[in-house]
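Visitor: Turn this into a model:
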Amino acid sequence: MNIVILAGGISPERDVSLNSGKMIYDALKQKGHQVILLDVYLGYEAEFFGDFAVIFSQNIDWAADIVAIKSESPDIEAVKLRRTDGDKNFFGPNVINLCQAADIVFIALHGESGENGKIQASFDLMGIRYTGSGHMSSAIAMDKTLAKELFGWHGIPTPRSLSFNKNETNKLPEEMGYPVIVKANNGGSSVGVGIAGNDVEYANALTEAFRYDDIALVEQYIEGREFSVAILAGKALPVIEIAPKQGFFDYHNKYQPGATVETCPAGIPAETALELQQLAEKVYKILRLSNYARVDFMMDGKGKIYCLEANTLPGMAPTSLLPQEAVAVGISFGDLCEQIIAGV
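Guide: Residues are numbered from 1 along each chain as shown. Sure thing, here's the model as predicted:
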């Protein structure tokens, strides 16, 4: 197949996306596909005459961009300066043309504009086939406040929460109480997430969250064990447990090798694993997700499970959770990529 892998972009998760894209690119090339790894924002500057094979033969090299994921999110303003067309729109030069020429687009984007349904809606209008969930479900899952409201309607246990607009009074109600988790409403990779145990920490956490979004979600802090369950073609994969060596599962602990102990299958009773898997599948259906996804959970000291959120384009970087869960049931990374494509 002729496949375009879209990665990069201008979200705080750019580096993670590039690493996901490179992993997918290498795997699909080894499977014999004609593959182009394309930065959705920077695009392809040379002339394109509609022949995918010609572009493929030029072996586009993004090695300069694909480096180890740093402990902090990238400098997006520096990336924007690299556009030579004045940043007229989100899609870089020739991105749409190349995507239309491909048999399918593997979306390896994370965060803003990649997971929020905008690209998916554009592709739907243009008749471009792509991996992952559709535009509506992507938008709903990305909006943490809206997703949690749907969880409540359908009886999915989730931490108590409030959302605040950047321009509104955002004083924490007494009944909420500390500690709380503060996060950007539309974001991922734990960018803009902080734990607050007092008024000063709360104010600082809100300031950080508002750097990335005009809405902040303030959530009851659940102390306990963290788990994740990936869904492939509607079926849950084995549960993985995430145990950071220090702090919580923030951007640094997610992507720095050795910072977190990840155990798959998780060392929990079979009935607990089944409950997590069933909840993940239910969330998948409630949000009308498709193709593949990942659902994150916390379990407190009394064994009560709380659903945190769903990810419509889970990471495919070297330390990502979905590939680890797939390997636990005998699905290699290359086969995982092909199964995702086949499920579109």
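Visitor: Run me through the strand neighbours of the strand or helix carrying Val35, direction for each.
Guide: Take DSSP states H and E as the rule and Val35 turns out to sit in strand 34-39. Sheet pairing of strand 34-39 (DSSP bridges) gives strand 2-7 (parallel).
Visitor: Please write out the alpha-carbon positions of the partner strand in CSV.
Guide: What follows is strand 2-7 as a C-alpha-only set of coordinates in CSV (Å, rounded to 0.1, in the frame of the first residue of the first chain):
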residue,chain,number,x,y,z
ASN,A,2,1.0,3.6,-0.5
ILE,A,3,0.9,5.1,3.1
VAL,A,4,1.5,8.6,4.4
ILE,A,5,2.3,8.8,8.1
LEU,A,6,1.4,12.2,9.5
ALA,A,7,3.5,13.2,12.5
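Visitor: Can you give the contact residues for it?
Guide: Applying C-beta atoms under 8 Å, 6 or more residues apart in numbering, the contact partners of strand 2-7 are 17-18, 20-22, 24-25, 28, 33-40, 52-53, 56, 62, 95, 98-99, 101-109, 114, 119, 341. To be clear about C-beta, it is placed using only N, CA and C from the backbone, and glycine gets the same treatment.
Visitor: Tell me which of the residues you listed fall in strands.
Guide: If you go by DSSP state E, those have Gln34, Val35, Ile36, Leu37, Leu38, Asp39, Ile104, Val105, Phe106, Ile107 in strands.
Visitor: Name the member of the residues you listed that has the highest neighbour count.
Guide: Comparing these by number of neighbours (other C-beta atoms under 10 Å), Ile107 comes first, having 29 neighbours.
Visitor: Okay, and the beta partners of that residue?
Guide: Leu6.
Visitor: sorry, back to before: please save the CA atoms from the strand holding Val35 in CSV.
Guide: The C-alpha atoms that make up strand 34-39 are tabulated as CSV, following Å, rounded to 0.1, in the frame of the first residue of the first chain:
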residue,chain,number,x,y,z
GLN,A,34,5.6,2.3,0.3
VAL,A,35,5.7,4.8,3.1
ILE,A,36,6.3,8.5,3.5
LEU,A,37,6.8,10.1,6.9
LEU,A,38,5.4,13.6,6.7
ASP,A,39,5.4,16.5,9.1
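Visitor: how about the helices in the stretch 201-344 of the chain?
Guide: 251-255, 270-286, 321-328, 333-342 (DSSP state H, counting those that start in this stretch).
Visitor: show me where pLDDT drops low in the stretch 151-300 of the chain?
Guide: By pLDDT under 70, the low-scoring segments of the stretch 151-300 of the chain are 187-192, 245-259.
Visitor: go again using 90 as the cut-off
Guide: Across the stretch 151-300 of the chain, the ranges flagged by pLDDT under 90 are 164-177, 183-195, 205-214, 243-261.
Visitor: how distant is the strand holding Val35 from the center of its chain?
Guide: Using C-alpha atoms, centre = their mean, to the nearest Å, the mean C-alpha position of strand 34-39 is found 20 Å from that of the whole chain.
Visitor: Now do the contacts for the nearest residue to Ala273 once chain neighbours are set aside.
Guide: Nearest residue to Ala273 in three dimensions, chain neighbours excluded: Val239, at 4.8 Å (C-beta to C-beta, 6 or more residues apart in numbering). The contact partners of Val239, by C-beta under 8 Å, 6+ apart, come to Phe227, Ser228, Val229, Cys264, Pro265, Ala266, Ile268, Ala273, Leu276, Gln277, Glu325.
Visitor: swap the cut-off to 7 Å and go again
Guide: Counting by C-beta atoms under 7 Å, 6 or more residues apart in numbering, Val239 touches Phe227, Val229, Pro265, Ala266, Ile268, Ala273, Leu276, Gln277.
Visitor: try Ala266
Guide: Phe227, Val239, Ile240, Glu241, Ala273.
Visitor: Among the residues you listed, which lie within strands?
Guide: If you go by DSSP E, the contacts of Ala266 have Phe227, Ile240, Glu241 in strands.
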